[in-house]
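In: What follows is a predicted structure for the sequence shown.
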Amino acid sequence: MPDPSSLPPALSALAPLLLLAFVAGSFTQLTRVLSRPGRQPLRRTAAQALAAGVAALTVTALLSAALPAPVAPALLLAAACVTGWSGPAVLVRLSVLIERQLGLRPPLPGRDPER
């Protein structure tokens, strides 16, 4: 793991929040999965929790970059929890939006390009 003092100042200031976002998203998804009736295999449950954590971290990082400078950490943490509840499928939708904005993904035949 890199030495925190060697990271750029902006990243070292954001690192604790991103770590908290990852943990919050993972824990939220884990809570959601474990509250369902029946049992799921441990490996699948862990994979869903980790993927939700990555999604929460990604959304938090993007929001912190896109919103005006003084972003309330509580807002970013709330976004991480909502993303964690939704799970990793949020990344699919987010990537489609970003690809369309960048012009990287052509519209599918028979579908409205503005959807």
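Out: That came in fine, so what should we check first? Numbers count the residues shown, from 1 in each chain.
In: give me the low-pLDDT residue ranges for the chain?
Out: Within the chain, the stretches with pLDDT under 70 are 1-11, 105-115.
In: hmm, try it at 80
Out: Across the chain, the ranges flagged by pLDDT under 80 are 1-13, 69-70, 88, 105-115.
In: Tell me the secondary structure of Pro37, please.
Out: coil (DSSP: H, G, I helix; E, B strand; the rest coil).
In: Look up how far Ser64 lies from it.
Out: 37 Å (CB to CB, to the nearest Å). Yep, even glycine has a C-beta here, placed from its N, CA and C like the rest.
In: Which of these two has more residues huddled nearby?
Out: Ser64 (19 against 4; other CB atoms under 10 Å).
In: what's around the closest residue to Thr28 other than its chain neighbours, how many residues?
Out: The shortest distance from Thr28 to any residue other than its chain neighbours is 3.3 Å, reached at Gly84 (CB to CB, 6 or more residues apart in numbering). Per other CB under 10 Å, the neighbour tally for Gly84 reads 30.
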